[in-house]
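> Build the 3D model from these lines:
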Amino acid sequence: MRRFPAVVFVVVLALAAGLAAAPQTSALASSPGAKTHSSGFWVTMTPGSTFAQAVSAAAQKSPGQVTAGLKRMLQREEAGQAIYIPETKNGILVNVKASRADLTGALAAIKKTAATTAAVAGTAQTAVPAAGPAVSGAPSTWPVRGEACGSNRAWCDLVYVLDLDECDPSCTLEDQLTARLTVNPSASGTNRVNWNVLYSPDNGDFDGYHFEWYFLKYAAETECGTGNTGSWSTSNSGYFDTTCNVVLWDSRNTTAVVFWGHIAASDGWVNDWAKDGTALCQPESSGNTYCVY
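As a prediction, this is how the structure comes out:
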């Protein structure tokens, strides 16, 4: 078995100059002519280690600085600029051009390490409990959002927004999930809900989202059906059906929805909840099953 020499490389990642590296001969030594930048950060490379492993170790001491630096490196890579990262090959440190996968992988490694450290220490990284935050009040009390559309036979622009900021005050690292729903109510006991979700800038803070729905009947908005949809993790669109245990001829029909987002680092949840307006369904004698807001 080949034995790697017992050498440690200390590398400075500077956004303006890429990186420079040399074997450690004194504290944080760098190669001649290397440039540093206040927004950069140091990583320590050992033979056989990966860039993601080195970044995770550095982030334990300066999580905000390292994460912010990686975010900016990713932005520059996406803009077509060449970003170089260290890699060890046969005990020698070399610079290689970073791909989006390299940088997003390093960010994911930081989050995983933070979550593991929190579990061992018994402390949470965010204020969100693992079981999910409580939704305030019964669905009938939730706020109404959006407006009637489609000759008042549909309810449009039922919008939900989930924000997540997992960075310290020295930087802004925010992911956002925005869901826009359109409800098509029916007296048949099945409402069709079309949805569109935009995940931006998709830094990986969220690794899943889904909808929890409630079908409310009568003027009292009594719950008559509830359920959860499947889960998705990227910008997407589709539809789901909500169902009630009775038909609603000449009665009232309301749809309430909770939008859930799962936090990758902490295994916790954030949510937002609202309902559409109340629709009055057609009389059975009319032969029509549509409802009008």
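> From Arg100, how far out is Thr254?
44 Å (Cβ to Cβ, to the nearest Å). Every residue, glycine included, has its C-beta placed from N, CA and C.
> Tell me which of the two has more neighbours.
Counted by other Cβ atoms under 10 Å, Thr254 and Arg100 do not tie: Thr254 has more neighbours, with 27 against 11.
> Nearest spatial neighbour of that one, chain-adjacent residues omitted?
In this structure, Thr254 finds its nearest non-sequential neighbour in Leu216, 4.0 Å apart by Cβ to Cβ, 6 or more residues apart in numbering.
> same question, Asp250
Using Cβ to Cβ, 6+ apart and skipping residues adjacent in sequence, the residue nearest Asp250 is Pro283, 4.3 Å away.
> Could you check how far the one you found is from Phe215?
Going from Pro283 to Phe215 by Cβ to Cβ gives 20 Å.
> quick one, which of the two is more surrounded?
Between Pro283 and Phe215, counted using other Cβ under 10 Å, Phe215 has the larger neighbour count: 27 against 12.
> circling back to that earlier point, based on its surroundings, how many neighbours for the residue nearest to Thr254?
As a burial measure, Leu216 scores 25 neighbours (other Cβ under 10 Å).
> From what I see, it and Lys275 are in contact.
Yes: with contact defined as Cβ atoms under 8 Å, Leu216 counts as touching Lys275 (7.4 Å).
> Between the two, which contacts overlap?
Shared contacts of Leu216 and Lys275 (Cβ atoms under 8 Å, 6 or more residues apart in numbering): 139-140, 254-256.
> would you list the residues you listed in JSON lines and tack on secondary structure?
JSON lines is the format used below for these (DSSP: H, G, I helix; E, B strand; the rest coil):
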{"residue": "Pro139", "secondary structure": "helix"}
{"residue": "Ser140", "secondary structure": "helix"}
{"residue": "Thr254", "secondary structure": "strand"}
{"residue": "Thr255", "secondary structure": "strand"}
{"residue": "Ala256", "secondary structure": "strand"}
